[in-house]
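J.: My questions concern the predicted model and sequence given below.
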Amino acid sequence: MAFLFPPLWLLLVLAPSALANFTQTDSAKAVAYCQGGSFMNTVVLGKDPDNARVKAKAEIAQNLISKVKSETNMANYSEENDGILKESSKFLEKGRIESDLTLIGFQEMEFPKLQENGGYLLRAYVCVKDIAKPYLEKQRILAESIEMSKDWHKIQNSWNEFMSIQILLEGLRVESKYLASAKKSYDKAKKDYKEHCNAKTHWNPEKKTTYSDIAFSKLSGSIKMENTPCAGKGISLVYKGEPICKSSGGPYGCSYQPSLKITSCNGAELRLLESPAPVKGFDQKEEIALKKLQDKLKTENFWNEWEQEIKQRSPQCEQ
């Protein structure tokens with residue numbers, strides 16, 4: 001986006017309280033120093049020269065914050081769904097404009113003048129292009145981070161910070177040469193994230209049995225999964241397990257130790273889950289021993305742990 005600087009008469013003063021003391025000669029000198037660009041100025045009275053400088057920098061910084069708040073149209077960001085409006089508002093409300101960083105190029109019209117009342121009068125200004133320099137450099141770093149990072153949360157945080165700075169720059173009517181590239185990188189990352197988080201979780205047991213049905217019932221309560229072949233950027237839940245029953249002339253002892261392999265649809269293994277110990281059932285009859293095993297399987301604690309592990313690796317879009 002491009003911004004045109006206002007006419008000279010609008011650039012002469014940005015601090016109304018300083019209008020009477022910042023002369024046309026002062027303004028012409030500031031415009032020349034700023035190479036025709038805009039500037040922010042102030043006139044202050046301090047108890048000594050250093051105090052006057054501190055007050056001048058603080059007042060320009062405050063004028064900067066007020067100017068950005070008044071001139072930025074926050075409605076332009078009201079339709080954003082990524083926290084940008086919230087983060088930017090927070091930035092504008094709580095942002096601290098540090099004089100040693102923001103006020104690079106702080107200029108005095110002349111050495112603070114001793115007044116009859118004993119105070120020191122200082123007329124000072126800063127070029128807007130100098131105010132913008134550290135913010136533009138920060139945007140450059142953030143734009144690189146957005147382009148290079150693979151972590152969606154980091155990208156989102158960098159973009160929010162980038163746009164917070166963008167609001168400040170727009171308030172200053174300074175064009176950012178990094179906005180287009182940063183937005184392009186962010187939009188691509190957002191598209192990739194949406195494609196990934198909308199991918200499906202597929203239930204693919206090695207064999208469909210009573211035991212795999214129990215596992216599906218336990219895990220699908222809070223996890224949306226489908227009995228479909230794995231495809232795209234989704235994940236596959238490969239359930240495995242066979243009961244073993246033995247008897248040495250007495251009761252049957254049946255043992256079952258299931259496992260669940262979480263893989264990507266391209267076959268990469270993400271996690272292998274196993275029950276901490278075999279689930280067991282005993283009875284004089286084998287079928288009843290198996291039924292007791294199945295009933296016990298339904299109440300095992302490891303299902304909760306498996307559920308959390310699956311959720312950590314399942315595609316999920318943030319609200």
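T.: Noted; the coordinates are in hand.
J.: For stretch 112-128, buried residues please.
T.: Neighbour counts over stretch 112-128 (16 or more other CB atoms under 10 Å) mark 112, 119-128 as buried. The way it works is simple: take the backbone N, C-alpha and C, and place the C-beta from them, glycine included.
J.: any idea how far residue 225 is from the spatially most central residue of the chain?
T.: Central residue of the chain (CA atoms, centre = their mean): residue 157, 2.0 Å from the mean position. With distances taken as CB to CB, to the nearest Å, residue 157 is found 30 Å from residue 225.
J.: for residue 173, same thing?
T.: Separation of residue 173 from residue 225 (CB to CB): 53 Å.
J.: follow-up on the earlier one: same list, the buried residues of stretch 112-128, but as CSV with secondary structure and pLDDT please.
T.: Putting the buried residues of stretch 112-128 into CSV (DSSP: H, G, I helix; E, B strand; the rest coil; pLDDT from 0 to 100) gives the following:
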residue, secondary structure, pLDDT
112, coil, 92
119, coil, 91
120, strand, 94
121, strand, 93
122, strand, 93
123, strand, 93
124, strand, 93
125, strand, 93
126, strand, 92
127, strand, 92
128, helix, 91
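J.: show me where this structure has strands.
T.: For the chain, the strands defined by DSSP state E occupy 39-46, 107-108, 113-114, 120-127, 201-203, 235-240, 244-246, 252-256, 259-264, 269-274, 279-283.
J.: Could I get these in TSV, plus columns for distance to residue 311?
T.: Shown next, in TSV, are the strands of the chain (distance: least, CB to CB, whole Å):
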stretch	distance to residue 311
strand 39-46	51
strand 107-108	58
strand 113-114	69
strand 120-127	52
strand 201-203	10
strand 235-240	11
strand 244-246	31
strand 252-256	24
strand 259-264	11
strand 269-274	12
strand 279-283	23
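J.: Which one of those lies nearest to residue 189?
T.: The closest of those to residue 189 is strand 259-264. By CB to CB, the value is 19.3 Å.
J.: Which other helices and strands does the closest one contact?
T.: Secondary-structure packing of strand 259-264 (3 or more CB pairs under 8 Å, 6 or more residues apart in numbering; DSSP states H and E): strand 235-240, strand 269-274, helix 302-313.
J.: buried sites along the last one?
T.: To tie it back to what came earlier, the one meant is helix 302-313. Burial within helix 302-313, assessed by neighbour count using 16+ other CB under 10 Å, is assigned to 302-303, 306-307, 309-310.
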